[in-house]
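# Take a look and give me a structure for this.
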Amino acid sequence: MPHYHKLGQIPHKRHTQFRKPDGQLYSEQLFSTEGFSSHSSLLYHCHPPTEIVKVDEPYSVAPRVAEEKMLKHRSFIGFNIKPEDDFLDSRKAVLVNSDLHIVLASPRKSMEGYFYKNADADEMIFIHEGSGVLKTQYGQLTFGYGDYLVIPRGTIYQISFNSADNRLFIVESFSPIRYPKRYLSKYGQLLEHSPFCERDIRQPENLETIDEEGDFLIRIKKKGVIYPIHYKHHPFDVIGWDGCEYPFAFSIHDFEPITGRVHQPPPVHQTFEGNNFVVCSFCPRLFDYHPLAIPAPYNHSNIDSDEVLYYVDGDFMSRKHVVRGMITLHPAGIPHGPHPGAVEKSIGAKETKELAVMVDTFHPLQITEAALGIEDGSYVMSWSE
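Residues are numbered from 1 along each chain as shown. Alright, predicted model coming up:
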């Protein structure tokens with residue numbers, strides 16, 4: 001999905017001899033998440049990326065589903081997920097289906113002593129609290145509050161945090177995460193009506209080639225199982241790379257809201273998409289400017305999608321008792337809309353300062369045991385207040 005980029009040293013032609021100063025060949029690696037039929041990058045390693053020295057026992061990290069089927073509005077208090085030191089231990093899947101997992105995490109410490117690779121899913125990590133550096137074979141991405149980090153499946157990475165206070169909202173997508181098709185020209189450029197453009201996309205920088213031999217542990221997730229595999233050389237031994245498949249960052253604060261004379265439907269907020277789901281960004285914006293406009297969203301029926309809203313910051317005039325990190329789930333099959341009194345109260349309002357991330361799925365979501373542990377059971381009756 002990203003556009004062509006390159007860092008470091010690469011040969012003039014692909015798949016040709018590229019030698020180190022001592023005459024030995026660099027090791028070329030093709031990286032793609034859809035075989036040979038979509039975007040890819042070519043990486044040039046100091047050593048073959050295949051040299052395994054030891055394999056440890058695998059262990060399951062599959063989410064435990066508590067409710068496979070349900071038809072009830074739900075709410076979860078995301079900040080009630082307890083912080084844990086380790087990045088992988090801190091990740092708690094709360095809503096899942098065969099297309100994606102929605103995960104909350106509150107890691108206190110940087111990744112140390114190992115690297116991580118999700119071999120199943122592209123990852124979209126939204127930074128709600130915290131800052132730091134994402135380190136990969138492609139270089140580094142600094143991140144902070146409001147950033148989306150989009151990491152293609154198979155990317156080996158480490159995350160270094162600047163403090164112990166970190167809150168992450170993560171989507172693991174079992175299909176590639178991409179820009180909405182309607183934002184793109186037939187040749188792949190973001191069009192003028194898109195709410196962001198290439199200038200807003202931050203590409204990896206500061207490629208550091210680490211040519212070290214030793215024992216380097218990569219924890220690889222495949223089908224809900226972590227496989228700890230030790231390699232002979234540091235995975236960040238890349239001297240250079242080029243292509244269109246790599247991790248990138250995009251700030252929600254760089255999303256330009258689309259407004260109108262009357263209330264605009266949720267697709268105007270769309271930011272990313274995958275197979276059978278979309279991601280939207282609700283950002284501070286001016287309200288509708290028709291003289292009789294009603295800024296509050298109208299009631300609407302979820303017939304073909306589950307709607308998940310993750311509240312980041314600001315005031316939400318359509319809903320009561322909103323707290324930071326709260327998740328609401330409105331399942332397909334029943335309508336939902338503003339809480340009582342919110343519609344009348346919204347009339348005359350000029351702008352909103354809300355900030356939220358929405359995920360709409362077109363297959364039903366299942367609720368995990370971790371989600372039940374942070375649920376606000378009173379939410380379903382909040383429309384009767």
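# Under the pLDDT cut-off, which ranges of the stretch 201-350 of the chain? List them.
By pLDDT under 70, the low-scoring segments of the stretch 201-350 of the chain are 317-318, 320.
# how about the helices in it?
According to DSSP state H, counting those that start in this stretch, the stretch 201-350 of the chain carries its helices in the segments 342-346.
# nearest spatial neighbour of Leu286, skipping sequence neighbours?
The shortest distance from Leu286 to any non-neighbouring residue, by Cβ to Cβ, 6 or more residues apart in numbering, is to Glu351 (5.1 Å). All C-beta atoms are positioned from the backbone trio N, CA, C, and that covers glycine.
# nope, Gln137 is what I meant
Per Cβ to Cβ, 6+ apart, closest to Gln137 is Val238, 4.8 Å.
# What is the neighbour count of that neighbour?
27 (other Cβ atoms under 10 Å).
# cool, and Glu57?
Neighbours around Glu57, by other Cβ under 10 Å: 7.
# Could you do Glu129 as well?
By other Cβ under 10 Å, neighbour count at Glu129 equals 16.
# Which residues are in contact with it?
Neighbour list for Glu129: 145, 165-167 [criterion: Cβ atoms under 8 Å, 6 or more residues apart in numbering].
# Pull the contacting residues for the closest residue to Gln264 other than its chain neighbours.
What sits nearest to Gln264 in space, not counting adjacent residues and going by Cβ to Cβ, 6+ apart, is Ile258, at 6.2 Å. Contacts for Ile258 (Cβ under 8 Å, 6+ apart) come out as 195, 264, 268-269.
# And the furthest pair within those residues?
Pairwise distances across these (Cβ to Cβ) peak at 11.5 Å, for the pair Pro195 and Gln264.
# Looking at the two, which is more packed in?
Pro195 (19 against 15).
# Which residues are in contact with that one?
Residues counted as contacts of Pro195 (Cβ under 8 Å, 6+ apart) are 183, 255-258, 268-269, 271.
# contacting residues for Glu273?
Glu273 makes contact with 177-181, 279, according to Cβ under 8 Å, 6+ apart.
# was I right about Asp211 contacting Pro235?
No. Asp211 is beyond contact range of Pro235, at 11.5 Å (criterion: Cβ atoms under 8 Å).
# between those two, which one's more packed in?
More neighbours surround Pro235 than the other of Asp211 and Pro235, with 19 against 14 (other Cβ under 10 Å).
# per-domain residue ranges of this structure.
Domains of the chain are assigned by the TED database as 54-64+82-205+247-252, 256-381.
# can you give me the offset of the last one from its chain's centre?
To tie it back to what came earlier, the one meant is domain 256-381. Averaging C-alpha positions (Cα atoms, centre = their mean, to the nearest Å) puts domain 256-381 18 Å from its chain's average.
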